[in-house]
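J.: Just a sequence and a predicted model for now, questions to come.
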Amino acid sequence: MKNSSAGAKRILVVEDEPAICELCRRVLAGEGFEVDIAVNGKVAQDMIEDKKYDLFLIDIRLPEMDGKELYKWIHDV
C-alpha cells in the first residue's frame, strides 16, 4: 500500500555504502515514503535535530559513530 504524498511518512536511512543508500531510497520512495540519507551518525544527528522522522534504518557499522551509539543518542533525545 502506497502512502499519499500529503501524509507521507519520513524515513532516515543511515548508511555509509552508496549502493545500499540508493537502493533504500528507490524502494522506499517508490512506496510513497519521504526518504533522507545520512552517511554517518554525526550527519544523522544534525538531520534528526532539524526534522521529525517516523522511522530510522541504521547500519550498525558506521564511521565516526556506530549505529548502537546513534540508537542510544536517539533514545536519550
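T.: Cool, got the structure. Because the structure is a prediction, the values reported are computed rather than measured.
J.: Which parts of this protein are helices?
T.: Along the chain, counting by DSSP state H, helices occupy 18-30, 41-50, 67-76.
J.: where in this protein is pLDDT low?
T.: Low-confidence segments of the chain (pLDDT under 70): 1-6.
J.: tell me, what residue is most central in it?
T.: In the chain, the centroid-proximal residue (C-alpha atoms, centre = their mean) is residue 12; its distance is 1.8 Å.
J.: show me the residues around residue 40 that make contact.
T.: By C-beta atoms under 8 Å, 6 or more residues apart in numbering, residue 40 lies in contact with 14, 16, 62-65. Bear in mind the C-beta positions are built from the backbone N, C-alpha and C, glycine included.
J.: one step back: and the residue nearest to the centre of the chain, how far from residue 69?
T.: Distance of residue 12 to residue 69, computed by C-beta to C-beta, to the nearest Å: 15 Å.
J.: Do I have it right that residue 60 meets residue 68?
T.: Yes - contact criterion C-beta atoms under 8 Å: residue 60 and residue 68 qualify, at 6.4 Å.
J.: so which of the contacts of residue 40 is the most crowded?
T.: If you count neighbours using other C-beta atoms under 10 Å, the busiest of these is residue 14, which has 26 neighbours.
J.: check contacts around that one.
T.: Residue 14 makes contacts with 37-41, 43-44, 56-59, 62, 67, 70, as judged by C-beta under 8 Å, 6+ apart.
J.: Repeat that for residue 54.
T.: Here residue 54 is in contact with 9-11 (criterion: C-beta under 8 Å, 6+ apart).
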